[in-house]
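Chemist: the following comprises the amino acid sequence and a computationally predicted model.
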Amino acid sequence: MFEKLFKLKENGTNVRTEMMAGLTTFMTMAYILAVNPNILSASGMDSGAVLTATAIASAIACMMMALVANKPFALSAGLGLNAYFAYTICGQMGYDWPVALTAVLFEGLLFIVLSLTNVREAIFNAIPKPLKIAVSVGIGFFITFIGLQNAGIITESATLVGLFSPKAMLADGTFSTAGISAILALVGVVITAMMLIKGVKGYMLYGMLLTWLLGILCQLAGIYVPNPDAGYYSLIPSAIFAMPASMAPTMFKFDFGFIGSHIGDFIVMCFSFLFVDIFDTLGTVIGCASKADMLNEDGTFDGIREVLLADAVGTTVGACLGTSTITTFVESTSGISEGGRTGLVSATTGVLFLISLVLTPLFLTIPSFATAPALIVVGFLMMQQVTKIDWTDLVDAIPCFVAITMMGFAYSISEGISFGIISYVVLHILTGKTKDMSVLMYILAVIFILKYFLI
């Protein structure tokens, strides 16, 4: 059955590899089940309902990706987009969360139209191959930064960011929480890297589980001391099973009346969601497809329309159930790095999201320092593609450098793409090398420039 649905042999894989990849992907993104309800609850939404909606919407979107696109990309509520939902629309702008949920619904519906009419596919194909490679490398930089932050290895400091200090943590009493977490993450990186070097199948999943186990041993020995007030919880599950909360408080809670009375503000909301989602998704798909060697010689990607359609349907379904924008997750690269190549990966991840509804206490116990090593190692693997960029061709290489660095330093895939495209177009115009550049690249550059002045 799996062979017929997902064409495993044709893609050079098997059921065990795909399911292991799906489990690995889920483990690296399970944090969203805790983070998304926490962020959206700041808007007044019921956190229990949001958790259930997030899990079910993620499962549906993953299944859509599996059955329609047959690609190993997993989806869930996008970080950044949920923060815009809660802290900008409902916080700074002061609107009720049903208004923001309505904007997400319209964004999803518009996304479906754009996907079916090939607009998003055209944008994907218009991006030159060197920039596509740079996006993949930039995502490697970005995801490594996320892993280092999640582990507490890189922290806020007087220089904006800095390395954690065991000495300072011993002095202020945080070593038994933040300090041990950071050290365990570093140990986890070494463990995962060694298994990668030795060619151990399932090395990322095993790395996460072993790092978590080391944490449990540290807690039992009194080296790691939970401090919930500081965000450091027990590493030992207090329970395994729990009944999921009802989605009734958030399901189909739209405010269509707002559109007629505040049409201008509503359009800005929709466009903001749409813009970030389009280019975050395109960037993630480019990175994942490049990592999986799915890009064609000319940089195009077979099946891009189906991938983007699955993403758009996920957003629409998520809004109906009561959660923010559902999008393709960059953590999909962890499963791809395990050898995942088909929709069976995303199907497995989707099933695990459903299972998580009754295993929430178990999955929510997985600490971020245990998943951080996988993200860091994936970042290394994605950065390897930097050698495919021709660094002697400065007109192409400089925009690639801009895209890579801005993705990490601006903490945004879409901003990296934006700056990469603007610099690419400007340099090619100034040097007269515009012969092979798509007209759409000019349009995108103008839109990006206007975005920074108008939004």
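Modeler: Okay, I see it. Residues are numbered from 1 along each chain as shown.
Chemist: so residue 239 sits against residue 363, correct?
Modeler: No: applying CB atoms under 8 Å as the test, residue 239 and residue 363 come out as separate, 11.6 Å apart. In short, each C-beta sits where N, CA and C put it, glycine included.
Chemist: out of those two, which sits in the busier spot?
Modeler: More crowded of residue 239 and residue 363, by other CB atoms under 10 Å: residue 363, with 21 against 10.
Chemist: mind listing residues that contact stretch 108-116?
Modeler: Contacting residues not belonging to stretch 108-116 are listed as 120-121, 270, 274, 277-278, 305, 308-309, 311-319, 325 [CB atoms under 8 Å, 6 or more residues apart in numbering].
Chemist: buried subset of these?
Modeler: The neighbour count (16 or more other CB atoms under 10 Å) marks 120-121, 270, 274, 277-278, 305, 308-309, 311-319, 325 as buried among those.
Chemist: sort out which of those residues are in helices and list them.
Modeler: Within those, residues falling in helices by DSSP state H are 120-121, 270, 274, 277-278, 305, 308-309, 311-319.
Chemist: which other helices and strands does the worst-scoring helix or strand of the chain on mean pLDDT contact?
Modeler: In the chain, no helix or strand scores lower on mean pLDDT, DSSP states H and E than helix 360-363, which sits at a mean of 83. Helices and strands touching helix 360-363, by 3 or more CB pairs under 8 Å, 6 or more residues apart in numbering; DSSP states H and E: there are none.
Chemist: distance from the next helix or strand after it to the middle of the chain?
Modeler: Downstream of helix 360-363, the next assigned helix or strand under DSSP states H and E is helix 368-383. Computed by CA atoms, centre = their mean, to the nearest Å, the separation of helix 368-383 from the middle of its chain amounts to 13 Å.
Chemist: could you pull up the mean pLDDT of helix 368-383?
Modeler: For helix 368-383, mean pLDDT rounds to 91.
Chemist: tell me where this protein has strands.
Modeler: 75-77, 154-157, 160-163, 326-328 (DSSP state E).
Chemist: how close does the closest residue to residue 40 other than its chain neighbours sit to residue 246?
Modeler: In this structure, residue 40 finds its nearest non-sequential neighbour in residue 50, 4.9 Å apart by CB to CB, 6 or more residues apart in numbering. Separation of residue 50 from residue 246 (CB to CB, to the nearest Å) stands at 11 Å.
Chemist: the more surrounded of these two?
Modeler: Using other CB under 10 Å, the more surrounded residue of residue 50 and residue 246 is residue 50, with 29 against 12.
Chemist: for that one, give me its contacts.
Modeler: By CB under 8 Å, 6+ apart, the contact list for residue 50 reads 36, 37, 40, 41, 250, 322, 323.
Chemist: could those be laid out in JSON lines, adding distance to residue 165, neighbour count and pLDDT?
Modeler: As requested, these are exported to JSON lines (distance: CB to CB, whole Å; neighbours: other CB atoms under 10 Å; pLDDT from 0 to 100):
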{"residue": "36", "distance to residue 165": "31", "neighbour count": "28", "pLDDT": "92"}
{"residue": "37", "distance to residue 165": "32", "neighbour count": "23", "pLDDT": "92"}
{"residue": "40", "distance to residue 165": "34", "neighbour count": "30", "pLDDT": "94"}
{"residue": "41", "distance to residue 165": "32", "neighbour count": "17", "pLDDT": "90"}
{"residue": "250", "distance to residue 165": "42", "neighbour count": "24", "pLDDT": "96"}
{"residue": "322", "distance to residue 165": "42", "neighbour count": "27", "pLDDT": "97"}
{"residue": "323", "distance to residue 165": "38", "neighbour count": "34", "pLDDT": "97"}
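Chemist: just the closest of those to residue 394, please.
Modeler: Nearest to residue 394 among the contacts of residue 50 is residue 36, at 42.2 Å by CB to CB.
Chemist: that closest one touches residue 322, doesn't it?
Modeler: No: Residue 36 lies out of contact with residue 322 (CB under 8 Å); the separation is 10.9 Å.
Chemist: touching, residue 174 and residue 230? I think so.
Modeler: Yes: taking CB under 8 Å as the definition, residue 174 is a contact partner of residue 230 at 7.3 Å.
Chemist: who's more crowded, these two?
Modeler: Each of residue 174 and residue 230 has its neighbours counted (other CB under 10 Å); residue 174 has more, 20 against 11.
Chemist: residues contacting that one?
Modeler: Taking CB under 8 Å, 6+ apart, one finds residue 230 in contact with residue 174.
Chemist: quick check: phi and psi at it.
Modeler: Per-residue torsions, residue 174: phi -100, psi 0 (degrees, to the nearest 10).
Chemist: so what's it scoring on pLDDT?
Modeler: 96.
Chemist: next: residue 400.
Modeler: 97.
Chemist: neighbours around the closest residue to it other than its chain neighbours, how many?
Modeler: Of all residues not flanking residue 400 in the chain, residue 134 sits nearest, at 3.6 Å (CB to CB, 6+ apart). Counted with other CB under 10 Å, residues neighbouring residue 134 total 31.
Chemist: over to the one 4 residues further on?
Modeler: Other residues near residue 138 number 30, with proximity taken as other CB under 10 Å.
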